[in-house]
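> Could you work out the structure for the sequence below:
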Amino acid sequence: MLNSTRVSYFVLTAYVHTAHFKHVCFVLVLFVYLLIVCANVLLIVVICMNRSLHEPMYVFLCSLFVNELYGSTGLFPLLLVQILSDSHTVSLPLCFLQIFCLYTYASVQFSSLCVMSYDRYLAICCPLQYNTRMTSSRVALLIALSWFYPFVAILVLVSLSVSLQLCGNMIHKVYCDNYSVVKLSCSDTTVNNLYGIFYTFTTVFLVLFIFYSYVKILKVCFSGSKQTRQKAVNTVTPHLVSLLNFSCGCFFEIAQNRFDMKYVSNMLRIFLSLYWLTCQPLFNPVMYGLKITMIRIALKNLVFGKT
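All right, here's what the predicted structure looks like:
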């Protein structure tokens, strides 16, 4: 075993040895990263430049796109460096910084989806009270809370991991993962585990609240007229699909951490471990940009210069 004082870096062991193809992999990953950045920045600009989109739903979407840029930046730059590297080592500070970025991204994602479900619940189930409840100050407060709580919660999580004594430095991923770091500890991890359970329950509560909101929304949709039902379903569908997509990605990641996946090919394990970090930044801009009419019209006006 390695002594805790000698562990100054981690080794990411999940990289496939493709010396002859690493430049091709680098170009493909760089293309995906640039695509994510361009798509999310474009929609942020569209929402910010069009006063007709300065409504709560679109402001929450803008916050969601900003978070996707943040999460992608926490993953892809280091991923690109590691693809070209032969040693696949990461210093302790940089590793914990990546853990903080990726975990706050996931937490903000769930918080943002929760806030968006509450907004749609008020708009569809309580339309007469929507403008009085969803004021500008309330919107700002909800966005602030959706970012502040995850940053504080993950800061505590990472702080607990930093204080552990490590007896190993092998992380079987292509990026730094908190669960993998805790497993390397040779000190007591009871506090880490208890806090991890508490944090998991808060996330599950958010997910249950989101599903509850959409159940109430769909109940109202199907009890109204055909036009009302169609309009509400078109508005709700992107949010619900986004939630299911991200939840499935997180489930894949949890399954990899908790169960023995040695019988699964290395390439498939890499894909599953990256899915929750890349599915939303790639999927959401396309889905929201095409599905929501006002964003689609504003995007056409911006690209083709129409008024």
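> pLDDT score assigned to the closest residue in space to Y15 that isn't next to it in sequence?
Of all residues not flanking Y15 in the chain, H88 sits nearest, at 5.2 Å (C-beta to C-beta, 6 or more residues apart in numbering). The C-beta positions use only the backbone N, C-alpha and C, and glycine is treated the same way. H88 carries a pLDDT score of 85 in this model.
> for H88, what are its contacts?
Listed by C-beta atoms under 8 Å, 6 or more residues apart in numbering, the contact set of H88 reads V11, L12, T13, Y15, Q82.
> one more time with 6 Å, if that's ok
Contacts of H88 were listed using C-beta atoms under 6 Å, 6 or more residues apart in numbering, and they are L12, Y15, Q82.
> if I look at it, how far off is I99?
Distance, H88 to I99, by C-beta to C-beta, to the nearest Å: 16 Å.
> go on, L80?
From L80 across to I99, the span is 18 Å (C-beta to C-beta).
> which of those two has more neighbours?
Using other C-beta atoms under 10 Å as the criterion, L80 and I99 rank with I99 on top: 23 against 16.
> want to try TSV for the contacts of H88, with neighbour count as columns?
Formatted as TSV, the contacts of H88 follow (neighbours: other C-beta atoms under 10 Å):
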residue	neighbour count
L12	23
Y15	19
Q82	21
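> on that earlier part again, for the residue nearest to Y15, phi and psi?
The phi/psi pair for H88 (degrees, to the nearest 10) reads phi 60, psi 40.
> Point out where this structure drops to low pLDDT.
For the chain, the stretches flagged by pLDDT under 70 are 1-6, 16-19, 224, 231, 260-261, 290-293, 299, 302-307.
> what ranges do the helices span in it?
Here the chain has its helices, by DSSP state H, at 22-49, 56-84, 92-125, 130-133, 136-162, 178-183, 190-223, 226-258, 266-291, 293-304.
> Looking at the ones you listed, which is nearest to M170?
Proximity to M170, assessed across the helices of the chain by C-beta to C-beta, is greatest for helix 178-183 (8.5 Å).
> and which of the contacts of H88 is nearest I44?
When the contacts of H88 are compared for distance to I44 (C-beta to C-beta), Q82 wins out at 28.1 Å.
> quick one on the thing from earlier: pick the one among the contacts of H88 closest to F198.
Each of the contacts of H88 was checked against F198 using C-beta to C-beta; the closest is L12, at 28.3 Å.
> Nearest spatial neighbour of that closest one, chain-adjacent residues omitted?
Using C-beta to C-beta, 6+ apart and skipping residues adjacent in sequence, the residue nearest L12 is H88, 4.6 Å away.
> what separates that neighbour from Y175, distance-wise?
Separation of H88 from Y175 (C-beta to C-beta) stands at 11 Å.
> Now N169. Its backbone dihedrals?
Dihedral angles (degrees, to the nearest 10) for N169: phi -140, psi 20.
> What residue in this structure is the furthest from its centre?
For the chain, the residue at maximal distance from the C-alpha centroid (C-alpha atoms, centre = their mean) is S225, at 35.5 Å.
> How about the contacts made by that residue?
With contact set as C-beta under 6 Å, 6+ apart, S225 has no partners.
> And it, how far from I217?
16 Å.
> Same question for V45.
29 Å.
> What separation do you get for V139 and F151?
The gap separating V139 from F151 is 19 Å, by C-beta to C-beta.
> again, but for Y33
Using C-beta to C-beta, Y33 is found at 23 Å from F151.
> Over to L80?
Computed with C-beta to C-beta, the distance linking L80 and F151 is 25 Å.
> Just give me the neighbour total for the closest residue to M287 other than its chain neighbours.
Leaving aside its sequence neighbours, M287 sits nearest to P238 (C-beta to C-beta, 6+ apart; 5.2 Å). Neighbours of P238 under the rule other C-beta under 10 Å: 20.
> P238 contacts Y288, correct?
Yes: contact between P238 and Y288 holds when scored by C-beta atoms under 6 Å: they sit 5.4 Å apart.
> which neighbours do these two share?
Counting by C-beta under 6 Å, 6+ apart, P238 and Y288 have no contacts in common.
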